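S.K.: sequence first, predicted model second:
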Amino acid sequence: MSSSASGHDPRADTSQDAGKRAAGEAAVDWVRDGARVGLGTGSTVKYFLLALGARVKDGLRVQGVPTSHDTAELARQLRIPLLPEHELWTLDVAVDGADEIDPRLDAIKGGGGALLREKIVAAAARTFIVLVDHTKCVPALGASMPLPVEVTPFGWPNTAKLLRAFGDEPALRTRQGKVFETDGGNYILDLPVRAIDDPARLEAQINLIPGVVENGLFVNRASTVIIGAPGGVQIKHRAAP
Ligand code: A5P
């Protein structure tokens, strides 16, 4: 049986999984010895973490900042050293997934509910690399999924009412029949927005609503996007402003 260094059997991949794995494994080349690294969340980044863990086992020295409890747990299992949460970090690179990516390399994130920590970590990094499989590339953000908005539990229906100015009825995210809570103890409202014509404006406007903690638009943040497909990866860099 052929398998990768991570013990993963590539023959078990769907086409989407193969794309995620290709992107995740390619991203590890952006991590230099001694780097401080933001560690994203999700099924695509998992492949990056597995590849990074293999390099750490081989002697690469890194320190990571995880964007979720799940990622912290996997990083610990892989013996990737982590920086304390309550420290000022300057990160060389942050690597994360996305739910949608548009031709300008702007993204919607938060399908997994980790968007707040993800945005804090991305903002702390000199280079922010987004990993997606080929199915995540869209002509316009918001057309194929609602925008995740993290809100405080207190008064959330009022926050939802104010969000209606920007889309259809927001849905309170649930998981296994219970209200989904983020790692920070907040709720997620999934706001149907349709195709967004000005993502930068919408990102800023939504964050002005009382009760909104953060939203899943990541505009002008990714410097590089690695798009994985079964046949390999395509790498896109943000054009200079
Ligand atoms: C987590 O909240 C998200 O932002 C993820 O990065 C995003 O949902 C992509 O996840 P997958 O790689 O699992 O598709």
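M.R.: Looks like it arrived, so ask away.

S.K.: low-confidence bits of this protein, can you list those?
M.R.: 1-13, 241 (pLDDT under 70).

S.K.: so what are the domain limits for it?
M.R.: 3-138+220-235, 147-214 (automatic domain parsing).

S.K.: now check the longest strand seen in the chain, is it near the ligand?
M.R.: As assigned by DSSP state E, the longest strand anywhere in the chain is strand 125-133. No: Strand 125-133 stays clear of the ligand (CB under 6 Å from any ligand atom), getting no nearer than 7.2 Å. Where C-beta positions appear, they are placed from N, C-alpha and C, glycine not excepted.

S.K.: what about that strand, distance to the chain center?
M.R.: Offset of strand 125-133 from its chain centre (CA atoms, centre = their mean, to the nearest Å): 8 Å.

S.K.: which other helices and strands contact that strand?
M.R.: helix 15-27, strand 91-97, strand 224-229 (3 or more CB pairs under 8 Å, 6 or more residues apart in numbering; DSSP states H and E).

S.K.: what about Gly110, how many residues nearby?
M.R.: Gly110: 29 surrounding residues under other CB atoms under 10 Å.

S.K.: enumerate the residues of the chain near the ligand.
M.R.: Checking the chain against the ligand by CB under 6 Å from any ligand atom, the hits are 40-44, 96-99, 109-115, 118.

S.K.: still on that earlier bit, partners of the longest strand of the chain, with directions?
M.R.: Take DSSP bridges as the rule and strand 125-133 pairs in its sheet with strand 91-97 (parallel), strand 224-229 (parallel).

S.K.: which is the next helix or strand following the last one?
M.R.: Downstream of strand 224-229, the first helix or strand assigned by DSSP states H and E is strand 232-237.

S.K.: got the contact list for that next one?
M.R.: 22-23, 26, 105, 223-227 (CB atoms under 8 Å, 6 or more residues apart in numbering).

S.K.: the helix or strand Lys46 falls within - contacts with which helices or strands?
M.R.: Secondary structure assignment for Lys46, by DSSP H and E: helix 45-57. Counting contacts by 3+ CB pairs under 8 Å, 6+ apart, helix 45-57 packs against helix 15-27, strand 35-39, strand 62-66, helix 69-77, strand 91-97.

S.K.: the helix or strand following the last one: how far from the chain's middle?
M.R.: When you say that, I think you mean strand 91-97. Sequence-wise, the next helix or strand downstream of strand 91-97 (DSSP H and E) is strand 100-101. Centre-to-centre, strand 100-101 and its host chain are 10 Å apart (CA atoms, centre = their mean).

S.K.: can you start the count at 27 instead of 1 from here on
M.R.: Shifting the count to begin at 27 puts that one at strand 126-127.

S.K.: isn't Arg87 right up against Val63?
M.R.: No: using CB atoms under 8 Å, Arg87 makes no contact with Val63, being 10.8 Å away.

S.K.: these two: who's more crowded?
M.R.: Neighbours were tallied for Arg87 and for Val63 using other CB under 10 Å; the higher tally belongs to Val63 (29 against 11).

S.K.: any idea which of the strands paired with strand 151-159 gets closest to Ala98?
M.R.: strand 117-123 (14.3 Å; CB to CB).

S.K.: output stretch 43-53 as PDB, nothing but the C-alphas.
M.R.: Coordinates of each C-alpha in stretch 43-53 appear next as PDB, following Å, rounded to 0.1, in the frame of the first residue of the first chain:
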ATOM      1  CA  ASP A  43      -9.600  16.000  -0.500                       C
ATOM      2  CA  ALA A  44      -6.800  15.500  -3.000                       C
ATOM      3  CA  GLY A  45      -6.900  19.300  -3.700                       C
ATOM      4  CA  LYS A  46      -6.800  20.100   0.000                       C
ATOM      5  CA  ARG A  47      -3.900  17.800   0.600                       C
ATOM      6  CA  ALA A  48      -1.900  19.200  -2.400                       C
ATOM      7  CA  ALA A  49      -2.400  22.700  -1.100                       C
ATOM      8  CA  GLY A  50      -1.600  21.800   2.500                       C
ATOM      9  CA  GLU A  51       1.500  20.000   1.700                       C
ATOM     10  CA  ALA A  52       2.800  22.700  -0.700                       C
ATOM     11  CA  ALA A  53       2.400  25.400   2.000                       C
END
